[in-house]
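Enquirer: Everything below, folded, please.
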Amino acid sequence: MYYHLKVCICQFLQEESGQGINEYAAIMAFVSLVFMLVFSLTEGALAATIMQCFSSMAGQINRLANAPTN
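Expert: Just a heads-up that it's a prediction; the model follows:
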């Protein structure tokens with residue numbers, strides 16, 4: 001029984017099928033931390049700039065949608 005348990009544990013440790021998802025989770029955690037750091041350092045100025053850009057793009061899209069066609 002001890003040998004069977006040892007074999008199962010060794011196979012589990014050598015298996016790498018879940019490695020990719022762990023790497024993606026680590027990358028996502030790092031990116032989230034960077035975003036939190038950037039937003040905390042800019043004290044809301046970055047959020048206002050992003051909102052202004054989205055508002056400008058929405059206005060341009062509305063003008064293009066309402067433009068007369070020939």
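Enquirer: Burial check on residue 39, number of neighbours?
Expert: Counted with other C-beta atoms under 10 Å, residues neighbouring residue 39 total 14. Every C-beta, even on glycine, is put in place using the N, C-alpha and C of the backbone.
Enquirer: Contact partners for it?
Expert: For residue 39, the contacting residues are 46, 47, by C-beta atoms under 8 Å, 6 or more residues apart in numbering.
Enquirer: could I have the top helix by length along the chain exported to CSV, CA atoms only?
Expert: Identified as the longest helix of the chain according to DSSP state H is helix 19-42. Output of helix 19-42 as CSV, limited to C-alpha atoms (Å, rounded to 0.1, in the frame of the first residue of the first chain):
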residue,chain,number,x,y,z
GLN,A,19,0.4,24.5,-15.0
GLY,A,20,-0.9,26.8,-17.7
ILE,A,21,-3.9,28.0,-15.7
ASN,A,22,-1.6,28.8,-12.7
GLU,A,23,0.6,30.9,-14.9
TYR,A,24,-2.3,32.8,-16.3
ALA,A,25,-3.7,33.4,-12.8
ALA,A,26,-0.3,34.7,-11.7
ILE,A,27,-0.1,37.0,-14.7
MET,A,28,-3.7,38.3,-14.1
ALA,A,29,-2.8,39.0,-10.4
PHE,A,30,0.3,40.9,-11.4
VAL,A,31,-1.6,43.0,-14.0
SER,A,32,-4.3,43.7,-11.4
LEU,A,33,-1.7,44.9,-8.9
VAL,A,34,-0.1,47.2,-11.5
PHE,A,35,-3.5,48.7,-12.4
MET,A,36,-4.3,49.3,-8.7
LEU,A,37,-0.9,50.9,-8.2
VAL,A,38,-1.3,53.2,-11.2
PHE,A,39,-4.8,54.3,-10.3
SER,A,40,-3.8,54.9,-6.7
LEU,A,41,-0.8,57.0,-7.7
THR,A,42,-2.7,59.2,-10.2
